[in-house]
Structure formats: structure tokens, C-alpha cells
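1. Kindly generate the corresponding structure for this input.
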Amino acid sequence: MKILVTGAGRGLGLEIVTEALNRGHEVVAGIRSLDTNLEVLEGLQKKAPGRLTLLELDVDDEESVVKAKEAMQGRWEGLDVLVNNAGIVLAREQSIEKLEFAAAENTFRTNLYGPMKMVKHFLSMLRASSNPCILNISSESGCFAHAYGGDYSYALSKNAVNFFSAQLRKELSPQGFAVYSVHPGWIRTSMGGWEAPENPEDSARGIVDLLERKTKLPMDEAYMIDYKGQAMPF
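-> Sure, this is the predicted structure:
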């Protein structure tokens, strides 16, 4: 398969890239800048010659997304899987009385509008696949059932991502697309924190199993799943 992963420079994104390469797939690693922190990805390129492309891609910037799409069209005719993984956490500890709306707006720009821009511009490449898939990495914090008060910027942005996935599912599933929001678990990354109980390697393995259709997915109504393929309560 041909797979594009955003936010691939570290954390879960990097683990998904690594796992997909280990299974023999061709992967594009979308990263914000090609100027820094490329040692691990360049090492992966040496281990998987010809199967890993490093792509400068800032999902906050629509012009960057357009340029990335143009660059990929020159390399691949189609795309099988888009993993919208890039995300940020800002102002998590701020109460509603002290919430900085600049932080909220920045969070939505990356966590929601980023995936929307990616689908907008890469959908034509996905249509060239015989089995296209869009996975939006979300969070249980974006589910009504897991609302715990506070964390407004991040939780609300992920709730919006979940509804975006539902909207996409309604539009694209009749056209043969698989579309899901995926809760990756509470994993030990710079975003999840080092006290988290789960590791990103297990999450990445589960997510690649989903992409490969190895995991039996729930009924169509369950548009949000965890990395093991189990339906999430919304």
C-alpha cells in the first residue's frame, strides 16, 4: 500500500511510519520542516531504500498542503491511505475563565482544519486507489461519554474531528472509502505524557492492522474506533 502520514517526525506518527515500513509498505512521512530532527527518519530511509519519502508538509498552511500534493503527484499516481495524525495540545490547564482564545484557535487550525485541508487536496489521489482509507487520529477526550471538564481547546477540537469523520463517512463510504476516527490510546509520547499507561509501538501496530484490514471493524454506524478496532462510545 501507499500510505501518507502527517505529523510523522516524532511520537505516534513516527511509530506508524516505522511499522508500515517494517511490513513492506511505501510511506510518505509528512513533517513540518526538512531542516531539523531528521536523523531517525533518514535512518529508516537507509533501512527501506526507495520506500520512504520525506515530505515537507505543514497542515496549518494550505499552500504547503497544495505544494505537498503537487510533489506527490509527480511520484505516485494514487494514494491508498491518508493518516491525519498531526496534532497539538495547548492551554490544557486553563479554565474557561482564563482560556486564551489564540491557543484555542491555533489548536483548531491544526487538529481540525489540518485534516480538512489534507482531505480537500489529497482526495483526488485517494480516488485512484481501489481500496481508499482515511484515518483521522482523534481522542476519547473528544467523546461526550468521556467529557471530564476543562481541556477546552484540545477536547473540543477532537470532538470536531470526530464529527468531521462522520460527515466524511456519509459522503465517501458509498464511493468505497473506509473512514474512521481512531483513538490511539493514552500513550507515552511528548503529547500524551510519560506517565501514560500504553506505549506508542502497540498503538502503531494496531493502527497499521486497521489499514491492512487485518482487524475486523465494527458495524458501519461505529465511525469512531480505538486502535484495536473496537467501537468507542460517543
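2. Which stretches in this structure count as strands?
-> 2-5, 26-31, 52-56, 81-84, 133-137, 178-183, 224-226 (DSSP state E).
3. out of the ones you listed, deepest packed?
-> strand 81-84 (a mean of 28; mean count of other CB atoms under 10 Å). All C-beta atoms are positioned from the backbone trio N, CA, C, and that covers glycine.
4. Who does the nearest residue to residue 169 once chain neighbours are set aside form a beta bridge with?
-> Once flanking residues are discounted, residue 169 sits nearest to residue 179: 4.4 Å by CB to CB, 6 or more residues apart in numbering. As for beta bridges, residue 179 partners with residue 134 under DSSP bridges.
5. which regions of the protein lie under the pLDDT threshold?
-> 188-197, 218-221 (pLDDT under 70).
6. What separates the first and last residues of stretch 132-146, distance-wise?
-> 30 Å (CA to CA, to the nearest Å).
7. count of residues packed around residue 184?
-> Neighbour count for residue 184, taken as other CB atoms under 10 Å: 26.
8. the helices in the chain, which residues?
-> 11-22, 39-47, 62-73, 101-111, 113-126, 152-172, 200-211 (DSSP state H).
9. Could you identify which of the ones you listed is most buried?
-> Most buried among the helices of the chain, given mean count of other CB under 10 Å as the contact rule, is helix 11-22, at a mean of 23.
10. Mind giving me the packing neighbours of that one?
-> strand 2-5, strand 26-31, helix 39-47, helix 200-211 (3 or more CB pairs under 8 Å, 6 or more residues apart in numbering; DSSP states H and E).
11. So which of those is nearest residue 162?
-> In terms of CB to CB, the element of the helices and strands packed on helix 11-22 nearest to residue 162 is helix 200-211, at 16.2 Å.
12. If I take that closest one and strand 178-183, what angle do their directions form?
-> In terms of direction (axes from the mean of the first three to the mean of the last three CA atoms, to 10 degrees), helix 200-211 departs from strand 178-183 by 160 degrees.
13. CA atoms only for helix 200-211, dumped as CSV, please.
-> In CSV, the C-alpha atoms belonging to helix 200-211 read as follows (Å, rounded to 0.1, in the frame of the first residue of the first chain):
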residue,chain,number,x,y,z
PRO,A,200,3.1,4.1,21.0
GLU,A,201,4.5,1.0,19.4
ASP,A,202,1.5,-1.1,20.3
SER,A,203,-0.8,1.6,19.1
ALA,A,204,1.0,1.9,15.8
ARG,A,205,0.8,-1.9,15.3
GLY,A,206,-2.9,-1.7,15.8
ILE,A,207,-3.4,1.2,13.5
VAL,A,208,-1.4,-0.5,10.7
ASP,A,209,-3.6,-3.6,11.3
LEU,A,210,-6.6,-1.4,10.7
LEU,A,211,-5.1,0.0,7.5
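14. what angle do that helix and helix 11-22 make?
-> Going by the same axes, to 10 degrees, helix 200-211 makes 60 degrees with helix 11-22.
15. Counting by contacts, list what helix 200-211 packs against.
-> Looks like helix 200-211 contacts helix 11-22, strand 81-84, strand 133-137, strand 178-183 (3+ CB pairs under 8 Å, 6+ apart).
16. Those: which one's closest to residue 97?
-> Comparing the helices and strands packed on helix 200-211 under CB to CB, the one sitting nearest is strand 178-183, at 29.2 Å.
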